[in-house]
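> pasting the sequence and the predicted coordinates here, then a few questions.
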Amino acid sequence: MKIRIFELFTSVEGEGILYGTKTLFVRLAGCPFTCFYCDTKESLPLDSGKEYDIQEAFQLIDSNLKKQTYKVNFTGGDPLVQHEAVAVLAKYVQSKKIPTYLESSCFDSNKFNHVLPFMDIIKIEFKTKDSKFVDSKHYEQLIENAMNCLKSSVSEKKITYIKIVVSAKTELDDFNNLVNSIFNSVSKDQIDGFVIQPTNEIAEPSLELLLNLYDIVFPYYAEVKVVPQLHKLIGAP
């Protein structure tokens with residue numbers, strides 16, 4: 001079995017409910033989509049990075065793990081592109097008693113369910129229409145897959161949180177419809193966080209818009225947080 005890794009490094013987690021934790025990032029190569037605000041475009045090509053045998057990848061993990069690492073974050077690209085190899089690598093990390101963390105757009109619920117048993121912490125990212133992740137024709141299918149991933153994650157009692165990246169282009173009505181759909185599928189007690197993440201440097205949303213988006217989520221989930229990308233503020237990778 002082979003796995004293509006774009007980069008592997010230790011840094012401070014800059015996003016989500018576990019921001020600030022010491023994390024080993026395993027950035028997988030390949031993503032078939034392109035959000036207009038993507039900040040890792042260099043990892044999108046399927047032939048980017050370097051290909052390793054799975055045993056070589058195990059050794060790469062071992063040689064890069066630092067003391068007091070809180071978790072290993074599988075990110076991308078999108079890890080679901082290489083779901084079979086990612087599942088094997090995550091299982092290996094779990095055997096070392098280190099929590100595993102999946103950072104994915106959740107574009108394919110079948111591939112997601114394949115890696116789910118080997119992940120301890122799950123970020124379910126819902127894309128807004130303005131992200132340009134997919135065209136309008138395929139947007140509903142994307143949301144359906146993400147919703148199925150969310151249901152699977154909470155059903156398996158994983159630490160599960162929701163993240164939505166927003167920009168100056170985000171429409172309040174579209175955001176409201178998306179949030180309503182989410183909480184028609186799961187209850188507030190089933191998730192461990194809800195993060196609104198503003199874009200950085202590209203089409204940055206105003207404070208007024210962020211507050212309006214916060215107010216949409218609050219009646220459903222009072223612990224909603226607006227969390228910018230911490231690692232960019234401190235100059236970390």
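Right, received. Where do you want to start?

> so what are the sheet partners of the longest strand along the chain and their directions?
In the chain, taking DSSP state E as the definition, the longest strand is strand 2-12. With DSSP bridges as the test, strand 2-12 is paired with strand 22-28 (antiparallel), strand 50-53 (antiparallel).

> can you list contacts of the longest helix anywhere in the chain?
The longest helix of the chain (DSSP state H) is helix 136-155. By CB atoms under 8 Å, 6 or more residues apart in numbering, the surrounding residues in contact with helix 136-155 are 105-109, 112-113, 116, 122, 124-127, 129, 133-134, 160, 162, 178, 181-182, 185-186, 190-191. Heads up, the C-betas are built off the backbone N, CA and C, glycines and all.

> quick one, the helix or strand that that helix is followed by and helix 136-155 angle?
Remark: after helix 136-155, the chain's next helix or strand is strand 159-166, criterion DSSP states H and E. Inter-element angle recorded for strand 159-166 and helix 136-155: 160 degrees (by axes from the mean of the first three to the mean of the last three CA atoms, to 10 degrees).

> so Asp47 makes contact with Ala29?
Yes - counting by CB atoms under 8 Å, Asp47 touches Ala29, with 7.4 Å between them.

> tally of neighbours for the residue lying closest to Val115 once chain neighbours are set aside?
Closest residue to Val115 apart from its sequence neighbours, by CB to CB, 6 or more residues apart in numbering: Ala87 at 4.6 Å. The tally of other residues near Ala87 (other CB atoms under 10 Å) stands at 19.

> helix, strand, or coil at Ala87?
helix (DSSP: H, G, I helix; E, B strand; the rest coil).

> what comes up buried for the lowest-mean-pLDDT helix or strand in the chain?
Within the chain, no helix or strand scores below helix 230-233, which has a mean of 82 by mean pLDDT, DSSP states H and E. Of all the residues in helix 230-233, those buried under the rule 16 or more other CB atoms under 10 Å are His231.

> what sits up against that helix?
Ser11, Val12, Glu13, Gly14, Glu15, Tyr19, Gly20, Asn200, Ala236, Pro237.

> go on, stretch 63-73?
By CB under 8 Å, 6+ apart, the list of residues contacting stretch 63-73 reads 8-10, 13, 18, 21-26, 61, 90, 93, 96, 98-101, 103, 120-121.

> can you map out the strands along the chain?
With DSSP E as the criterion, the chain has strands spanning 2-12, 22-28, 50-53, 71-75, 100-104, 121-125, 159-166, 194-198, 225-226.

> how far off centre is the third one?
The gap between the average C-alpha position of strand 50-53 and the chain average comes to 23 Å, counting by CA atoms, centre = their mean, to the nearest Å.

> higher neighbour count, Asp47 and Ala29?
Ala29 (24 against 8).

> residues contacting the more buried one?
4-6, 43, 45-49, 76-77, 81-82.

> how far away is it from Ile17?
Distance of Ala29 to Ile17, computed by CB to CB, to the nearest Å: 26 Å.

> what's the answer for Ser155, then?
Ser155 is 19 Å from Ile17, by CB to CB.

> residue contacts, Ala57?
Ile3, Ile5, Ala85, Leu89.

> now the residue nearest to Ser131 when sequence neighbours are not counted. Its backbone dihedrals?
Using CB to CB, 6+ apart and skipping residues adjacent in sequence, the residue nearest Ser131 is Cys35, 4.7 Å away. The phi/psi pair for Cys35 (degrees, to the nearest 10) reads phi -70, psi 150.

> my guess is Cys35 meets Lys132, correct?
Yes - when contacts are counted by CB under 8 Å, Cys35 is listed as touching Lys132 (6.3 Å).
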